[in-house]
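A.B. asks: 3D model of this:
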Amino acid sequence: MGHGDGSGSDRPARRGFGLHPVLHLINLAEEDYRVQALRQREREHYPAPTGESIAEAVGLIKQRGLSSDQLASLLESLHIELVFTAHPTEAKRRTILSKLQRISVTLRVHQSADLLPREREQSLASMRAEITALWLTARRAVKRQVDRGRR
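C.D. replies: Here you go, the predicted model:
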């Protein structure tokens, strides 16, 4: 019963998938915050390399006077494991990826201290439009998934 007959049995699925664009936006905001924090840290330490960076590691290797052979031996002793953090079902469609990319670019533009008030308003309007488009795209995808489940 349910499945489009007005009983609402497909509502939990729709409600769950309705969070999907919100989660994408949260991830985007977290990524933007991380990038801003890294940029600020680099500004604060310039011209010294940022802590825990490749540049710092290279500087420490030079400072300690490791030879090429010692460095090669050190690198050969490393044990590197790949870690996959996203479940395969988390794969994003190209349309969603392109919308998230545009939101990210608009967010960076919006954060610029050099924007005129009208430019700030334009970037905010653009960001709202992209978020709305993301939301609508996700809703269409959820509707298709629910419809497929009915068949």
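A.B. asks: Show me the strands in this protein, by range?
C.D. replies: When assigned using DSSP state E, the chain turns out to have no strands.
A.B. asks: any low-confidence regions in it?
C.D. replies: Low-confidence segments of the chain (pLDDT under 70): 1-19, 85-92, 140-151.
A.B. asks: Distance of the residue most central in space within the chain relative to residue 83?
C.D. replies: Nearest to the geometric centre of the chain sits residue 28, at 4.1 Å (CA atoms, centre = their mean). To residue 83, residue 28 is 21 Å away according to CB to CB, to the nearest Å. Glycine gets a C-beta too; all of them are placed from N, C-alpha and C.
A.B. asks: now residue 36
C.D. replies: Residue 36 is 25 Å from residue 83, by CB to CB.
A.B. asks: Next: residue 108.
C.D. replies: With CB to CB as the criterion, residue 108 and residue 83 are 28 Å apart.
A.B. asks: Looking at those two, which is more packed in?
C.D. replies: A side-by-side neighbour count of residue 108 and residue 83, using other CB atoms under 10 Å, places residue 108 first with 13 against 4.
A.B. asks: Now for the closest residue to that one other than its chain neighbours: which residues touch it?
C.D. replies: Of all residues beyond its chain neighbours, the one nearest residue 108 is residue 32 (7.5 Å), with distances taken as CB to CB, 6 or more residues apart in numbering. Counting by CB atoms under 8 Å, 6 or more residues apart in numbering, residue 32 touches 104, 107-108.
A.B. asks: what does residue 133 give?
C.D. replies: residue 99.
A.B. asks: Backbone torsions only: list them for residue 49.
C.D. replies: phi -70, psi 150 (degrees, to the nearest 10).
A.B. asks: Is it in contact with residue 60, as I believe?
C.D. replies: No - counting by CB atoms under 8 Å, residue 49 does not reach residue 60; the two are 9.2 Å apart.
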